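In: sequence and predicted structure are below.
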Amino acid sequence: MADVNKAFVKEGEGEDDDEVVDASVRLPPGSKNYMTRRGYDAMRRELEQIVKTDRPALVETVAWAASNGDRSENGDYIYGKKRLREIDRRIRFLIKRIENAEVVDPAEREGVDQVFFGATVTIADADGGNEQSWQIVGVDEADAGSGRISWISPLARALLKAREGDAIRFMSPAGMREIEVLAVRYV
């Protein structure tokens with residue numbers, strides 16, 4: 001490969017693979033990218049911040065570093081180019097997710113007593129202990145620490161179509177678990 005002209009070799013070859021997506025945000029094949037309005041708006045704000053502020057500032061830094069001469073040993077230039085590739089990869093990811101998003105407003109489901117996307121479900125272990133509330137959200141907005149779980153998580157899949165008072169058995173990462181649905185609400 002030493003004889004190949006650099007113009008025909010992609011810089012950082014193999015690093016720019018768009019298909020490398022964290023398993024926690026990978027959608028099942030053929031499924032829609034469901035999101036709540038809050039998640040969709042947050043993703044749009046992130047994209048806008050990156051495109052209008054972060055990327056232009058980094059391009060300016062890389063241009064300054066490039067003007068300093070020898071690029072092969074210029075840490076600012078090398079790091080800046082690497083970071084620029086990461087930002088561009090994130091921009092492409094966000095654009096694809098936003099284009100394929102199906103926004104679901106949980107508030108529009110008033111009066112529904114079954115668990116669907118967007119529901120906030122209060123559950124307890126079958127023995128009546130360990131009460132928890134979870135909102136079922138899109139894969140990109142899941143945050144267990146804030147009480148939001150992805151609709152593709154084992155718990156959310158087990159809860160789908162359940163009603164208040166239903167007992168559910170499902171395989172959690174810790175093993176078989178039995179829970180009771182205490183409340184279903186859409187906010």
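Out: Yep, it's here. Residues are numbered from 1 along each chain as shown.

In: can you tell me the element the closest residue to residue 103 other than its chain neighbours falls in?
Out: Closest residue to residue 103 apart from its sequence neighbours, by CB to CB, 6 or more residues apart in numbering: residue 40 at 4.9 Å. The way it works is simple: take the backbone N, C-alpha and C, and place the C-beta from them, glycine included. Following DSSP states H and E, one finds residue 40 within helix 37-49.

In: which SS class is residue 177?
Out: Of the three states, residue 177 takes strand under DSSP: H, G, I helix; E, B strand; the rest coil.

In: skipping its backbone neighbours, what lies nearest it in space?
Out: residue 170 (6.1 Å).

In: which residues does the one you found contact?
Out: By CB atoms under 8 Å, 6 or more residues apart in numbering, the contact set of residue 170 is 154-155, 157-158, 176-177, 179.

In: identify each buried residue in the helix or strand harbouring it, please.
Out: Element membership for residue 170, per DSSP H and E: strand 167-172. Within strand 167-172, the residues that qualify as buried are residue 168, counting by 16 or more other CB atoms under 10 Å.

In: in CSV, list the C-alpha atoms belonging to that strand.
Out: Written as CSV, here are the backbone C-alpha positions of strand 167-172 (Å, rounded to 0.1, in the frame of the first residue of the first chain):
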residue,chain,number,x,y,z
ALA,A,167,-49.3,-9.5,36.8
ILE,A,168,-46.4,-9.9,34.4
ARG,A,169,-43.6,-12.4,34.3
PHE,A,170,-40.6,-11.6,32.1
MET,A,171,-36.9,-12.4,31.7
SER,A,172,-34.8,-9.5,33.0
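
In: strands paired with that strand, and their directions?
Out: strand 175-185 (antiparallel) (DSSP bridges).

In: residue boundaries of the helices in this protein?
Out: 37-49, 55-66, 75-99, 154-159 (DSSP state H).

In: what's the closest of those helices to residue 108?
Out: helix 37-49 (10.0 Å; CB to CB).

In: pLDDT value on the spatially most central residue of the chain, please?
Out: The centroid of the chain falls nearest to residue 140 when counting by CA atoms, centre = their mean (2.1 Å). pLDDT recorded at residue 140 is 93.
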